[in-house]
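J.: Below are the sequence and a predicted model; questions follow.
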Amino acid sequence: MIKIRPSTLIAFSFLVLITIGAVLLSLPVSSAKGIATNFLDSYFTANSAVCVTGLVTLDTGTHFSLFGLIIIMCLMQVGGLGYMTFSTFLVLVFRRKMFVSEKLMIMEALNIYSLNDVLQVLRKIFGIVFLVEGVGALILFLRFLPEMGAGRALLYGVFHAISAFNNAGFALPANFANLAPYVTDVVVNLTVTTLIIIGGIGFLVIADILQFKRWSLHTKLVVVTTLLLIIGGTLVYLILEYNNTLAPLALQGKVLASYFQAVTPRTAGFNTLDMGKLLPVSALFIMILMFIGASPGGTGGGIKTTTFALIASTIWATLRNSRDTVLFNRRVPAETVRRAFAIMILGLLAVALPIFLLSGTEKFNLTQIAFETFSAFGTVGLSMGITPFLSSAGKIIIIVTMFIGRVGPLTLLLALAIGQRESKIEPPKEGVSIG
């Protein structure tokens with residue numbers, strides 16, 4: 001009997017879900033004009049939704065019908081939670097006993113380390129999801145109601161709540177405007193960013209916080225790193241873009257827009273300012289944020305906040321000639337540190353190759369291509385405006401990059417954790433010159 005690793009099944013489940021979504025989105029009923037949609041664009045949209053990225057080649061708010069938008073919402077929800085997580089929820093609903101193999105797949109998808117914790121964590125996850133998305137949708141509905149009417153406001157509220165919590169970045173305003181019409185709207189900005197942060201920090205962290213007990217090292221690291229990235233990102237963006245994209249805004253608007261632009265590159269993909277007008281240094285800074293991404297077990301992508309924190313702490317420990325990486329008075333195992341560096345290196349390779357390929361297939365400048373690639377790998381969705389104009393080859397490259405960004409880290413973690421058994425025979429040591 002052939003044994004298939006849980007990570008392989010997870011990747012395959014995402015692929016199947018994307019394909020089904022692409023077929024549905026290509027149907028005439030999914031188009032606002034009632035005509036069939038080009039399959040490559042449909043596949044790109046479905047892939048972007050399942051991989052919770054937000055890069056689009058079609059104007060979401062005008063191209064798709066209500067049926068098409070409902071399909072996209074379903075793809076974002078299942079993609080954000082993970083197909084295996086969602087299917088297990090159905091198992092819980094119908095009260096069917098879970099097999100050990102199913103529990104192993106959930107452990108892999110959510111970074112859970114105990115079989116006994118699977119069902120308990122899943123119940124907490126779906127309770128959190130429905131509560132947070134429901135509250136977010138209600139607030140946005142009430143905000144949009146005066147200007148849109150009940151029907152459209154309900155669609156806008158639910159769609160953007162699901163998109164924000166799952167860090168998907170799909171938005172409905174026409175002409176690829178995303179949330180630019182609400183750049184100074186406090187309610188929209190704070191609601192969307194709160195949903196992004198809650199969805200991105202990871203379900204285990206949320207559960208740990210809600211238990212009101214002593215936080216684990218993982219929770220402490222995620223919360224502190226997230227706060228530092230948001231605060232630091234806001235200040236850096238405000239300084240860099242003060243007289244550029246922020247120039248037309250008053251001081252309060254500048255701060256609010258900077259805060260939004262600091263939160264959304266961490267895999268959410270919404271934007272309230274024109275990313276195509278960024279200064280090169282600002283674009284580079286946002287690429288760094290996109291590469292770092294969200295936190296393990298959340299709805300976002302990237303190499304993860306904990307990976308970034310471990311690498312930074314290890315470099316600092318090395319500069320201080322310290323043997324161990326110590327965080328909050330806890331020594332981090334050397335194997336965990338090694339995996340963090342492996343993830344970062346593989347992540348850099350995963351963006352370097354697409355940038356190289358896109359430089360040969362597209363006519364855009366290197367900054368635009370690199371920005372698009374980092375956005376795809378980090379499952380962010382921000383763009384400098386080139387996505388609709390990619391060639392067919394370029395679209396395929398971005399599709400693959402989005403898929404690797406969403407599924408790759410899961411497969412990588414399992415491959416690093418479950419490999420061949422370590423040999424008990426130790427080869428002789430010999431030094432190598434480095435640096």
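T.: That came in fine, so what should we check first?
J.: Straight-line length of stretch 24-43, end to end?
T.: Using CA to CA, to the nearest Å, the span of stretch 24-43 from its first residue to its last is 10 Å.
J.: what residues does that stretch touch?
T.: 18-19, 22-23, 45-46, 57-58, 62-65, 67-68, 71-72, 392, 395-396, 399 (CB atoms under 8 Å, 6 or more residues apart in numbering). (C-beta placed from N, C-alpha, C; glycine too.)
J.: the strands in the chain, which residues?
T.: Under the criterion DSSP state E, the chain contains strands at 325-327, 330-332.
J.: quick one: strands adjacent to the first one?
T.: Each strand pairing with strand 325-327, determined using DSSP bridges, is listed with its direction: strand 330-332 (antiparallel).
J.: what's in contact with the partner strand?
T.: Leu217, Leu310, Ser313, Asp324, Thr325, Val326.
J.: how does it look with 6 Å?
T.: Outside strand 330-332, the residues that touch it by CB atoms under 6 Å, 6 or more residues apart in numbering are Leu217, Asp324, Thr325.
J.: Any of these buried? List them.
T.: The neighbour count (16 or more other CB atoms under 10 Å) marks Thr325 as buried among the contacts of strand 330-332.
J.: just the contacts of strand 330-332 now: which is nearest Ile425?
T.: Asp324 (26.0 Å; CB to CB).
J.: Confidence-wise, which helix or strand of the protein is lowest on average?
T.: helix 83-93 (a mean of 52; mean pLDDT, DSSP states H and E).
J.: give me every residue that touches Ala342.
T.: Contacts of Ala342 (CB under 6 Å, 6+ apart): none.
J.: ok, the closest residue to Leu240 other than its chain neighbours to Ile355 distance?
T.: Leaving aside its sequence neighbours, Leu240 sits nearest to Ser282 (CB to CB, 6 or more residues apart in numbering; 4.5 Å). Going from Ser282 to Ile355 by CB to CB, to the nearest Å gives 19 Å.
J.: Could you do Ala312 as well?
T.: Counting by CB to CB - Ala312 and Ile355 are separated by 24 Å.
J.: So between these two, which is more surrounded?
T.: The neighbour count for Ala312 versus Ile355, taken as other CB atoms under 10 Å, is higher for Ile355 (18 against 13).
J.: Surely that one and Ala370 touch.
T.: Yes: checked against CB atoms under 6 Å, the pair Ile355 and Ala370 is within contact range at 5.4 Å.
J.: which residues sit in contact with the residue most central in space within the chain?
T.: For the chain, the residue nearest the mean C-alpha position is Gly300 (2.3 Å; CA atoms, centre = their mean). Residues in contact with Gly300 (CB under 6 Å, 6+ apart) are Asn167, Gly200, Thr267, Gly293, Ala294.
J.: Can you check the pLDDT for the second one?
T.: Pointing back at Gly200 there. Looking at Gly200, its pLDDT reads 87.
J.: Having no further points to raise, I will conclude here.
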